[in-house]
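In: predicted model and sequence below, questions to follow.
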Amino acid sequence: MPLVLWDIDHTLIDTRGVGRELSAAAFERATGCPMREQAKIDGITERVIFRETAKLHGLATNPADFQRFAEALTDEHLNHLGDLRERGHALPGAAAILNALDAQEVRQTVVTGNIRPVAELKLQVFGLDSPIQWDVGAYGEEHDNRAELVRLSLQRACTPSTNAVLVGDTPADIEGAHTNGVRVIAIASGHSDEATLKAAGAEIVLPDLRNTELLLKLVRDDI
């Protein structure tokens, strides 16, 4: 059975703006500066988002600053789980495919720009966490580059790239997977449409996660 590497935001869940609000609160706590604007976030790791957002505010940061931000971001999520649950949602089909893969003993983890504590909280709040093998995932505090996160996850899982499939919603997911020789199932449930994801080189592009039977076959490469 393959190893499935899941992206989180706009692939499995949508925070519907709560994530940005919590990032803004954490940014101000870490830097003392209100967040007036945020750097590009789609497909980008949290470390890069923090650094580039700080630059937009004329701030130079170091690893200690990011550590303060990461701790504040975790704290903000813990304190606002109710808001996340009320305003955000699991995307259609997410729970069904995670559970169906788990029932077939397919290994699943996450490769995400989120820091690990926030990744865990985001999936826990929507009941999507139990099938995930967290220790073999890779997270946004670990590296700037998404391709490196894919490599880290494969290494931790002791899985060859030919036996893995990444499911994500951005061209950065596709690039990170292909850099490591990993097959991609792209989901056009985020800000990138099907044409954009196809142009980025995704082998397969689906509109969403609703077709559980098809996704099972695609993960197993039965088609």
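Out: Great, that's in hand. Residues are numbered from 1 along each chain as shown.
In: where's residue 99, which helix or strand?
Out: helix 94-103 (DSSP states H and E).
In: so what touches that helix?
Out: Helix 94-103 is contacted from outside by 4, 12-13, 108, 126-128, 130-132, 209, 212, 215-216, 219, using CB atoms under 8 Å, 6 or more residues apart in numbering. Placement of C-beta: from N, CA and C, glycine included.
In: list phi and psi for residue 26.
Out: phi -70, psi -40 (degrees, to the nearest 10).
In: tell me the buried residues in the longest helix seen in the chain?
Out: Ranked by residue count, the top helix of the chain under DSSP state H comes out as helix 63-79. By neighbour count with 16 or more other CB atoms under 10 Å, helix 63-79 contains the buried residues 65, 66, 68, 69, 70, 72, 73, 74, 76, 77.
In: next one: stretch 154-162
Out: 154, 157, 159, 161.
In: one step back: C-terminal to the longest helix of the chain, what's the next element?
Out: Where DSSP H and E defines the elements, the next helix or strand beyond helix 63-79 is helix 81-87.
In: so which elements touch that next one?
Out: helix 18-31, helix 116-125 (3 or more CB pairs under 8 Å, 6 or more residues apart in numbering; DSSP states H and E).
In: pLDDT of the longest one, averaged?
Out: On average, the pLDDT along helix 18-31 is 97.
In: and the angle for the following helix or strand past that helix with helix 18-31?
Out: Remark: after helix 18-31, the chain's next helix or strand is helix 46-56, criterion DSSP H and E. Between helix 46-56 and helix 18-31, the angle comes out at 70 degrees (axes from the mean of the first three to the mean of the last three CA atoms, to 10 degrees).
In: low pLDDT regions in the chain?
Out: Within the chain, the ranges that satisfy pLDDT under 70 run 222-223.
In: and it, what are its domains?
Out: Domains of the chain are assigned by automatic domain parsing as 3-14+89-220, 18-85.
In: start to end distance for the last one?
Out: What that stands for is domain 18-85. Using CA to CA, to the nearest Å, one end of domain 18-85 lies 10 Å from the other.
In: ok now it, how far from the chain's centre?
Out: How far domain 18-85 lies from its chain's middle: 16 Å, per CA atoms, centre = their mean, to the nearest Å.
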